[in-house]
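Asks: everything below, folded, please.
(one chain, ligands or ions: 1)
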Amino acid sequence: MSQDNIKFAYWVPNVSGGLVVSKIEQRTSWDIDYNRKLAQIAERAGFEYALSQIRFTAGYGAQNQHESVTISHALLAATEKLKVIAAILPGPWSPVLAAKQLATIDQFTNGRVAVNIVSGWFKGEFRAIGEPWLDHDERYRRSEEFIQALKGIWTQDNFSFHGDFYRFHHYTLNPKPLQQPHPEIFQGGSSRAARDMASRVSDWYFTNGNTVEGIKAQVDDIRAKAAINGHSVKIGVNAFVIARETEAQAHAVLQEIIAKADPEAVNGFGGEAKNAGASSPEGEGNWAKSTFEDLVQYNDGFKTNLIGTPQQIAERIVALKAVGVDLVLSGFLHFHEEVEYFGRKVLPLVRELEREALAAKSPALV
Ligand SMILES: Cc1cc2nc3c(=O)[nH]c(=O)nc-3n(C[C@H](O)[C@H](O)[C@H](O)COP(=O)(O)O)c2cc1C
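Replies: Sure, this is the predicted structure:
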């Protein structure tokens, strides 16, 4: 098990409807004032990262969406320590625009921006914005070139690159980002193409919620391939957290979320998402095996089972760490109050369990 503390990120609710496709009453809002306050609560609570979402059209009932890079900058401006990960979709963005935008934000925010390269799953969205829809693995080939170009622009002068999707001729970006060698590069997706890309170029691999066994299989695959490539990659896992004083209370909230699910929105999303998950040649992409209930949290966050008392949740987080997870990406129902509660009740227990695990392994280190 890693000697580093496991890290925590939260999903920025920059799309309307919160993190669940359900009509349950929730106090989460997608507006900027709510999000600024949330970012401040989260950094005080011990969260190191926030991840914003990129979406151009309504999917799963997320009728309104604030753009990811823009809101990420606004949240960085409202905080002091938090790192904010902006999501970028190759296609609408070119690597040169992304590199320039993010370098400027990095300069303005004392080196706290990061990027999540998403490869696209929603064909209807691409059609709506006039963006050609590439095959699943072609989308990843483009994303990999995008990441290579980003790194090249951020770290080299006179950068040249001749790919199938992007070309550069002696390009020098000034100023470069503050962070050295460059802002951290995350990616999202679980298919074989996603894992292969992570094992070659990304700093972080983000995956949907899953069981400990499901996560372990992915971690083992990526780390084995990364070792062959001489690359090192960290792992982040999605989870929808429902922490309550008793297990029964936590499960009652889960049941209410599912009972109040919006079937039309869940099934509409499920059709697109399943098509995306199954469309990878090996059929192992996100959502390939998701049930109706899983899809009510649109990144399979219930599957990770961080639902119960603070003690149960802390133990499950440490079990994820034991199979190689470096970061938990968490969603909540009522973000303000639950992020604060997580920081106060769950996080100290995680740190205690980490100290105990370290002491059991090497007493001299504690
Ligand atoms: C943590 C995480 C965050 C993601 N964020 C976005 C996003 O903001 N916008 C988007 O269009 N897709 C997003 N995705 C979707 C992925 O980029 C990818 O298109 C999808 O997971 C299907 O990939 P796969 O077939 O490799 O599993 C995200 C995925 C994960 C795991």
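Asks: what about the spatially closest residue to Gln297 that is not a sequence neighbour, distance to the ligand?
Replies: In space, and not counting its chain neighbours, Gln297 is closest to Phe240: 4.5 Å by Cβ to Cβ, 6 or more residues apart in numbering. To be clear about C-beta, it is placed using only N, CA and C from the backbone, and glycine gets the same treatment. From Phe240 across to the ligand, the span is 12 Å (Cβ to the nearest ligand atom, to the nearest Å).
Asks: now do Phe240, the pLDDT please.
Replies: On the pLDDT scale, Phe240 is placed at 98.
Asks: confirm for me that it is in contact with Leu329.
Replies: No: with contact defined as Cβ atoms under 8 Å, Phe240 does not reach Leu329; the gap is 10.0 Å.
Asks: residue nearest the centroid of this structure?
Replies: Phe206 (5.2 Å; Cα atoms, centre = their mean).
Asks: and the closest residue to the ligand within the stretch 1-150 of the chain, what does it touch?
Replies: Taking Cβ to the nearest ligand atom, the ligand has its nearest neighbour within the stretch 1-150 of the chain at Val118, 3.1 Å off. Contact analysis of Val118 by Cβ atoms under 8 Å, 6 or more residues apart in numbering lists 54, 87-89, 187-189.
Asks: for Val113, same thing?
Replies: By Cβ under 8 Å, 6+ apart, the contact set of Val113 is 72-73, 76, 83-86, 102, 105-106, 177, 183.
Asks: cool, Gly130 as well?
Replies: Gly130 neighbours (Cβ under 8 Å, 6+ apart): none.
Asks: could you do Gly268 as well?
Replies: Contacts of Gly268 by Cβ under 8 Å, 6+ apart are 59-60.
Asks: tell me the pLDDT of it.
Replies: 87.
Asks: and what about it, helix, strand or coil?
Replies: With DSSP: H, G, I helix; E, B strand; the rest coil as the basis, Gly268 sits in helix.
Asks: look up how far Phe122 lies from it.
Replies: 11 Å (Cβ to Cβ, to the nearest Å).
Asks: flag the shaky bits of the stretch 101-250 of the chain, pLDDT-wise.
Replies: Low-confidence segments of the stretch 101-250 of the chain, defined by pLDDT under 70: none present.
Asks: just the strands in it please.
Replies: In the stretch 101-250 of the chain, the strands defined using DSSP state E, counting those that start in this stretch lie at 113-118, 159-162, 167-171, 185-188, 204-207, 234-240, 242-243.
Asks: which of these sits closest to Trp11?
Replies: The closest of the strands of the stretch 101-250 of the chain to Trp11 is strand 234-240. By Cβ to Cβ, the value is 8.0 Å.
Asks: list the strands paired with that closest one, with their directions.
Replies: Under the criterion DSSP bridges, strand 234-240 sits next to strand 204-207 (parallel), strand 327-331 (parallel) in its sheet.
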